[in-house]
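**Student:** Task: produce atomic coordinates for the following.
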Amino acid sequence: MIRLSLIMIMLWAILGCENTATQGRSADRREDATSALQRGQAAYERKDYATALGEWQPLAQQGNATAQRSLGVMYEQGRGVAKDEAEAVRLYRQAAAQGDVLAQTNLGVMYAQGQGVAKDEAEAVRLYRRAAAQGNATAQNNLGGMCAQGRGVAEDQAEAARLYSQAAAQGLAIAQRNLGARYEQGRGVTRDLAEAQRLFARAAEMSPPGSERDKAIQARDRVARLLPTHQTSTIALASGTPPAPVPVAPLPPLHTGHSPGQSPSRRALVIGNAAYPDNPLANPVNDATDMANLLRRFGFATTLLSNVDQPTMERAVDVFTQEAPRGSVGLFFFAGHGIQIEGVNYLVPLGVRLNAASDVKYRAVATDWVLARMDESGMDVKLLILDACRDNPLGRSLTRALSRGLAVIEAPKGSLVVYATSPGKTARDGVGRNSPFTTHLLRELPVPGRPVELAFKAVRVGVQKETNGEQIPWEASSLTGDLVFTR
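**Tutor:** I've put the predicted structure just below:
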């Protein structure tokens, strides 16, 4: 009996060692894949397509969705390979089936235009809807065009305007021009020439030199001439034939807001809310935009949302957590107003009126819920970064119900929760482009080879020094290993 027990113990020890070794090899493979994706992206950006092909092709054959989508772009555009739209469709399908948002958008374009596949506008709508629900601005814009023109879906001008608005809020110039046309024509929204002119001007400002910028400038100037005779123009429009809608041309696949070299094993959801009607902020959209760009450089498949309401935030969290592969690294970043009530932290969306404590509980987004969803998704590493609590956004009506600052969240295993300031304190919005906290994040996270907890320690030192000790970032960690953003 003793001998049998010893044999069993030895077997368990061997199996345990083998399991540990297997986990180590899996982690090494993930690191190797991320490095290869990043090398391929760097080569692609310098137009060294042969090197990019050499990095991405083996990964695509192994089933890596990011590599499959990136190769699809190369075949669609004939960069480094002979142009082959059918092969691009095949690769996009493989990546889209794994939940790759950009592949879904690009495949939707192929179906909408009949490139490399039989034209199928209903299938394009289905793909755009999946990607739009995950916050992809190009998918939102393209789906808006389908709704406006009744292609593959029943014509719905109000839905078109809503989708254009979501994409325009993320800074997509063509969506700003399309939304401007809605306001100019009064299609799906109340006619508002001043708003139309603002959107056209913004589109012109954000478009690179070329035909799209020229169209935006022409539209801006056209509406400017109408503004002094707004009432007369409204009567003429009501009794006459409305102008033809602005054509919606899907953006090229590489301009969807993500880099081809992202990894499905690293996913991020980044939200910046600033346009609060009662207490607007200057920097959260800049903070979110700059963080999203940084994370994409690190190989994170990143969804960026700006100035969004509660349903959009919650839907984005659903998609972010449902489609994250088990064992992945997940990062959630929020910049904007945050509130603590009874020890629970809430992120404040746009489009809500918070007049009582119960309004906050049911109309804002609880950070506990976000972290719980990340934990339940099977993510190995969960990072929650909150550049929030930038003063009380609700005025005096709720002051007595609120606790100052944010409360510390208990971090489940494999989590790191980072606050812009210490518990019970408020954080500065900043006077430059970014808040002090995000400024130091952008500076410290790219340091090669530095474990993330040491990076946040450097952030804490930098913010404390910049604010003369008035703001001290805080972390709650249950990480059991070292996470490095970049080698």
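**Student:** pLDDT weak spots in the chain?
**Tutor:** In the predicted model of the chain, residues 1-31, 228-264, 390-411, 422-431, 487 satisfy pLDDT under 70.
**Student:** Domain map for the chain?
**Tutor:** Here the domain parsing of the chain from automatic domain parsing is 29-132, 135-140+148-253, 265-477.
**Student:** Make JSON lines out of those domains and add mean neighbour count and distance to residue 483.
**Tutor:** Where you see a C-beta, it was placed from the backbone N, CA and C, and this is true even at glycine. Shown next, in JSON lines, are the domains of the chain (neighbours: other Cβ atoms under 10 Å; distance: least, Cβ to Cβ, whole Å):
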{"stretch": "domain 29-132", "mean neighbour count": "20", "distance to residue 483": "11"}
{"stretch": "domain 135-140+148-253", "mean neighbour count": "18", "distance to residue 483": "24"}
{"stretch": "domain 265-477", "mean neighbour count": "20", "distance to residue 483": "5"}
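**Student:** okay if I get these as JSON lines plus distance to residue 484?
**Tutor:** Shown next, in JSON lines, are the domains of the chain (distance: least, Cβ to Cβ, whole Å):
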{"stretch": "domain 29-132", "distance to residue 484": "9"}
{"stretch": "domain 135-140+148-253", "distance to residue 484": "27"}
{"stretch": "domain 265-477", "distance to residue 484": "6"}
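**Student:** Now do the contacts for the closest residue to residue 275 other than its chain neighbours.
**Tutor:** Distance criterion Cβ to Cβ, 6 or more residues apart in numbering; nearest residue to residue 275, sequence neighbours excluded, is residue 307 at 4.7 Å. By Cβ atoms under 8 Å, 6 or more residues apart in numbering, residue 307 lies in contact with 169, 272-275, 285, 350.
**Student:** Which of those fall within helices?
**Tutor:** Here DSSP state H is the test, and those give 169, 285 as lying in helices.
**Student:** What about the contacts of residue 307, which are in strands?
**Tutor:** Using DSSP state E, residue 272 are the members of those that sit in strands.
**Student:** tell me which element residue 461 falls in.
**Tutor:** Using DSSP states H and E, residue 461 sits within helix 452-466.
**Student:** Parallel or antiparallel, which strands does whichever helix or strand comes after that helix pair with?
**Tutor:** Remark: after helix 452-466, the chain's next helix or strand is strand 474-477, criterion DSSP H and E. Paired strands of strand 474-477, with direction, are strand 415-419 (antiparallel) (DSSP bridges).
**Student:** what about stretch 417-433, start to end distance?
**Tutor:** 24 Å (Cα to Cα, to the nearest Å).
**Student:** repeat for stretch 180-200
**Tutor:** Per Cα to Cα, stretch 180-200 runs 6 Å from first to last residue.
**Student:** Repeat that for stretch 93-107.
**Tutor:** This stretch, stretch 93-107, spans 7 Å end to end (Cα to Cα).
**Student:** try stretch 43-57
**Tutor:** Termini of stretch 43-57 sit 14 Å apart (Cα to Cα).
**Student:** Go ahead and name everything in contact with that stretch.
**Tutor:** Outside stretch 43-57, the residues that touch it by Cβ under 8 Å, 6+ apart are 36-37, 39-41, 67, 70-71, 74, 79-81, 260-261.
**Student:** ditto for stretch 167-180
**Tutor:** Contacts for stretch 167-180 (Cβ under 8 Å, 6+ apart): 135, 137-138, 140-141, 144-145, 148, 161, 164-165, 195-200, 202-203, 206-207, 212, 215-216, 219, 223, 246, 248-249, 251, 257, 289, 304-308.
**Student:** before we move on, the earlier item: mind putting the contacts of residue 307 into JSON lines with distance to residue 447?
**Tutor:** JSON lines is the format used below for the contacts of residue 307 (distance: Cβ to Cβ, whole Å):
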{"residue": "169", "distance to residue 447": "32"}
{"residue": "272", "distance to residue 447": "24"}
{"residue": "273", "distance to residue 447": "29"}
{"residue": "274", "distance to residue 447": "28"}
{"residue": "275", "distance to residue 447": "33"}
{"residue": "285", "distance to residue 447": "26"}
{"residue": "350", "distance to residue 447": "34"}
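**Student:** so which of the contacts of residue 307 comes closest to residue 113?
**Tutor:** residue 169 (26.1 Å; Cβ to Cβ).
**Student:** From residue 271, how far out is the closest one?
**Tutor:** From residue 169 across to residue 271, the span is 11 Å (Cβ to Cβ, to the nearest Å).
**Student:** didn't residue 93 look like it was pressed against residue 107?
**Tutor:** Yes: if you go by Cβ atoms under 8 Å, residue 93 and residue 107 touch, sitting 6.3 Å apart.
**Student:** what sits in contact with each of residue 169 and residue 271?
**Tutor:** 306, 308.
**Student:** Show me where the stretch 251-400 of the chain has its helices.
**Tutor:** 284-297, 310-322, 357-363, 367-376 (DSSP state H, counting those that start in this stretch).
**Student:** Dump those to a markdown table, plus distance to residue 175.
**Tutor:** Listed next are the helices of the stretch 251-400 of the chain as a markdown table, based on distance: least, Cβ to Cβ, whole Å:
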| stretch | distance to residue 175 |
| --- | --- |
| helix 284-297 | 15 |
| helix 310-322 | 15 |
| helix 357-363 | 27 |
| helix 367-376 | 27 |
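**Student:** those helices in the stretch 1-150 of the chain, which residues are they?
**Tutor:** Under DSSP H, counting those that start in this stretch, the stretch 1-150 of the chain gives helices at 2-45, 49-61, 65-77, 85-97, 101-113, 121-133, 137-149.
**Student:** rewinding a little: of the contacts of residue 307, just say which sits nearest to residue 366.
**Tutor:** residue 273 (15.2 Å).
**Student:** can you redo the contacts of stretch 43-57 as CSV with distance to residue 345?
**Tutor:** Formatted as CSV, those follow (distance: Cβ to Cβ, whole Å):
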residue, distance to residue 345
36, 38
37, 34
39, 39
40, 39
41, 35
67, 38
70, 37
71, 42
74, 44
79, 46
80, 47
81, 49
260, 36
261, 34
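**Student:** Just the closest of those to residue 321, please.
**Tutor:** residue 37 (22.1 Å).
**Student:** I'd like to know which elements the helix holding residue 461 is packed against.
**Tutor:** Packing partners of helix 452-466 (3 or more Cβ pairs under 8 Å, 6 or more residues apart in numbering; DSSP states H and E): strand 415-419, helix 436-444, strand 474-477.
**Student:** ok, 6 Å please
**Tutor:** helix 436-444 (3 or more Cβ pairs under 6 Å, 6 or more residues apart in numbering; DSSP states H and E).
**Student:** Tell me the gap between the helix it packs on and the middle of its chain.
**Tutor:** Averaging C-alpha positions (Cα atoms, centre = their mean, to the nearest Å) puts helix 436-444 19 Å from its chain's average.
**Student:** for stretch 43-53, same thing?
**Tutor:** Computed by Cα atoms, centre = their mean, the separation of stretch 43-53 from the middle of its chain amounts to 25 Å.
**Student:** cool, and stretch 218-227?
**Tutor:** That offset, for stretch 218-227, works out to 33 Å (Cα atoms, centre = their mean).
**Student:** Output it as PDB, nothing but the C-alphas.
**Tutor:** C-alpha atoms of stretch 218-227 as PDB (Å, rounded to 0.1, in the frame of the first residue of the first chain):
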ATOM      1  CA  GLN A 218     -18.000  72.600 -50.500                       C
ATOM      2  CA  ALA A 219     -20.800  71.400 -48.200                       C
ATOM      3  CA  ARG A 220     -19.700  73.700 -45.400                       C
ATOM      4  CA  ASP A 221     -19.700  76.700 -47.700                       C
ATOM      5  CA  ARG A 222     -23.000  75.800 -49.300                       C
ATOM      6  CA  VAL A 223     -24.700  75.600 -45.900                       C
ATOM      7  CA  ALA A 224     -23.000  78.900 -44.800                       C
ATOM      8  CA  ARG A 225     -24.700  80.600 -47.700                       C
ATOM      9  CA  LEU A 226     -28.100  79.200 -46.600                       C
ATOM     10  CA  LEU A 227     -27.800  80.300 -43.000                       C
END
